[in-house]
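> Here is a sequence together with a model predicted from it:
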Amino acid sequence: MRLRDEVRDAVRAAGPAGGAAAPAASSARDGGRTGVGGTTSDLTIDETLLLHSAGWEPVDLVYGVSWWSIPWGVWQWSTGEVQEATAAFAGAVDQAAKLLRQECEKAGGSGVLGVEIGIRVSSHHVAIELSGTAVRRTQGTRPTFEFISDLSARDFVLLTRAGWWPLGLAAGASFVVAPRRTARQWAAQQGQNTELPNLTEALYLARERAMERMQRSGAAMKAEGIVAVKLREGRASSGVRVMQFVAIGTGVHLRTGEHRSIAPTMVVALDELVRQFDVKSLRSASTQ
Amino acid sequence: MASQAAPGEDLPEAAGRRLSTGAWSSGLSVADFSSSLEMGMDPVGYVQGYAVMQWSWYMATGGFGAGFGGGAGFGGGWAAGPQRHGQYVEQWQCPHGFVSAEHRMYGANYELTWLEQSWATGWSLATTRMVEEATSLGATGIVGVVDSMRPLTGGAVVEFRSSGTAVAVRDAPRLTTPFSTYLSGQRLAKLIEAGFAPISVVATLSSVRMLGYCITHYQLAGSTAGTWYGSGAGGVSGVGPVDQVNRAQAAVRRLARERIRAQLGSDVLHGAHMEQSEREIGEGDLSIQCTLKGNRVRPFKDFDPLPEPLPVVRLA
């Protein structure tokens, strides 16, 4: 009953007395060039409620985008790590994060949560796109910038309850051109399913460099660890012998001196899918 | 049916007949349907709005500069043309002087207001028509709105589509304009319990065209032209930020956010969804679009915070 009463209250607030339920359509038509704005957020209602329960609230949608150029020819004429691409990646991540921070501070936020990370690496440029929701404490003094994190609001609340705190995005990348096989190797491997050591080694080299850079980036922000690391590895679009490895996560540190147990309660969910005996497929299998 | 010039209240005759039969339809899942009933919202009809529009990414007349310079041609003094108030325009000038006829001596980032207006018109028509159907059913609001834009017949005709389930709230006052929201079921219930009233769906598209000048052109082509005389004198270093692209990318997002905020008044945008795309329209030139949509909601009571949540480990 309480919910129904609240729904009726909400409808009253949405009406003309509440001040213009004019459809968005009408204001969108003139490009929406009039009026002033309120809070914007890409958080779900669950995330918003959870953040409030932890003493935080959304402020504004913020973004940081950076494209860095890579000179022509760097992928073709060498083997080993492509320093220019690696430097372009690092520069672009750094600049995009700085722009995101500027946006957050301008909006009056203390941190950015749920950052979506777009990474594109082409022959001649690296594009890094970061966007998320700036958040601030519901109570307290003037906000000072504290963190950028790709953790969801749920993960953020869990992390902080355990005594840990996000600091920033830690990222590392490496792009390695694998050497060609010698004619002898090529001939020896024909007609066999066998490992291609030149490509495996290139991938391993890229991985070590990328992971090392990510950890160094975490250490530079005084993080004790990096959580929710996401990896992107495999062939780069720049060529068949170019292996890429990108690692990115959120640097965290322990703020309370020691880890606090969140003492989870164990539950057996009753809405899980039940394993079922599939008579139909058994029948069809027996007739084959 | 709403016309492009002036939205009206009339519906097609067939739609009027269908909606007056008494039986209702709904686009809600069974779970959302039962949640709606729990909230005192009765489905009254599955309402839709469509608008089919001729569509081009290029303006038929004027070409370059028509979007911001009143038709001024390339190199013809694009800052001289009349600009719409608040329209985004930035210019870049080549640091090299005259090199050749093919050299990109000027570059510009500019907002394609005509494209933004076309999109706003198509989206508004579809949404307004959907709302009109709900109004004719006596609905209080529309929940679970789904909208899209897609090519209909070839590349030059696109369809804007909005649909949702019209609901009537028991014992609630009838609104002149029913509310609309992308949310339904439990998510809507939680929104209201948290103290936010759904007002309307809001969406916008911003579009920026970037015509690269020589430096941007070199950078996007991977060229290191002029490195020997330094970047300060117009040389392009191998690795570095592509400033013109970065400015355009930031501008397209800023414009989308400003538009949405302008539609909100003092309300709040909840569950925003931002999508960005770009197309290369020539060597070193880009067309960048950003759509931003979400739920306009209005606080109607003091925020009702959740008790501290209980962490659980599922054993299934």
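Nice, I can see it.
> Surely residue A:9 is within a helix?
Yes - under DSSP: H, G, I helix; E, B strand; the rest coil, residue A:9 falls within a helix.
> Give me the distance between it and residue B:192.
According to CB to CB, to the nearest Å, residue A:9 and residue B:192 sit 8 Å apart. Where C-beta positions appear, they are placed from N, C-alpha and C, glycine not excepted.
> who's more crowded, the two?
residue B:192 (24 against 16; other CB atoms under 10 Å in any protein chain shown).
> Next up, the contacts around that one.
A:3, A:6-7, A:10, B:39, B:198 (CB atoms under 8 Å, 6 or more residues apart in numbering or on different chains).
> what's the span of stretch A:132-150 from first residue to last?
8 Å (CA to CA, to the nearest Å).
> What average pLDDT does that stretch get?
Stretch A:132-150 shows a mean pLDDT of 89.
> And for stretch B:158-170?
pLDDT averaged over stretch B:158-170 gives 93.
> Pull the distance from the helix or strand hosting residue A:113 to the chain's centre.
Using DSSP states H and E, residue A:113 maps to strand A:111-121. Put simply, strand A:111-121 sits 4 Å off its chain's centre (CA atoms, centre = their mean, to the nearest Å).
> Show me what whatever helix or strand comes next after that strand is packed against.
As assigned by DSSP H and E, the chain's next helix or strand after strand A:111-121 is strand A:125-137. Judged by 3 or more CB pairs under 8 Å, 6 or more residues apart in numbering or on different chains; DSSP states H and E, strand A:125-137 is in contact with strand A:56-69, helix A:83-107, strand A:111-121.
> Deepest-packed of those, please.
Most buried of these, by mean neighbour count (mean count of other CB atoms under 10 Å in any protein chain shown): strand A:56-69, with a mean of 25.
> Tell me the neighbouring strands of that one, and mark each as parallel or antiparallel.
strand A:125-137 (antiparallel), strand B:240-241 (antiparallel) (DSSP bridges).
> nearest to residue B:287, of those strands?
strand A:125-137 (15.3 Å; CB to CB).
> Report whether the expected contact of residue A:239 with residue A:74 is present.
No - shown here, residue A:239 and residue A:74 do not form a contact pair, counting by CB atoms under 8 Å, at 10.6 Å.
> Please say which of those two ends up with more neighbours.
Ranked by neighbour count (other CB under 10 Å), residue A:239 and residue A:74 place residue A:74 first, with 21 against 14.
> which residues does the more buried one contact?
Per CB under 8 Å, 6+ apart, neighbours of residue A:74: A:82, A:84-85, B:238.
> Please identify which of those residues is nearest to residue B:292.
Proximity of those to residue B:292 (CB to CB) peaks at residue A:85, which lies at 31.7 Å.
> My guess is the closest one contacts residue A:175. True?
Yes - under the contact definition of CB under 8 Å, residue A:85 touches residue A:175, with a separation of 4.2 Å.
> which one of the contacts of residue A:74 sits closest to residue A:141?
Out of those, the member with the shortest distance to residue A:141 (by CB to CB) is residue A:85, at 43.4 Å.
> how far away is that closest one from residue A:239?
On the measure of CB to CB, residue A:85 and residue A:239 end up 11 Å apart.
> before we move on, what about residue A:187?
For residue A:187, the distance to residue A:239 - CB to CB - is 23 Å.
> near chain A, which residues of the stretch 1-150 of chain B show up?
B:7, B:38-41, B:85-86, B:113, B:116-117, B:120-121, B:123-125, B:127-128, B:131, B:140-141 (CB under 8 Å from any CB of the partner chain).
> tell me how far stretch B:252-269 is from the chain's mean position?
Worked out by CA atoms, centre = their mean, stretch B:252-269 lies 10 Å from the chain centre.
> Determine whether any part of that stretch lies close to chain A.
Yes - interface with chain A: stretch B:252-269 contributes B:253, B:257-269 (CB under 8 Å from any CB).
> Could you pull up the mean pLDDT of stretch A:166-183?
93.
> May I see the buried residues of that stretch?
For stretch A:166-183, a neighbour-count test (16 or more other CB atoms under 10 Å in any protein chain shown) marks A:166-178, A:181 as buried.
> Export those residues as a markdown table, with columns for distance to residue B:275.
Output for the buried residues of stretch A:166-183, formatted as a markdown table (distance: CB to CB, whole Å):
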| residue | distance to residue B:275 |
| --- | --- |
| A:166 | 26 |
| A:167 | 29 |
| A:168 | 26 |
| A:169 | 22 |
| A:170 | 27 |
| A:171 | 23 |
| A:172 | 28 |
| A:173 | 25 |
| A:174 | 30 |
| A:175 | 28 |
| A:176 | 33 |
| A:177 | 34 |
| A:178 | 36 |
| A:181 | 43 |
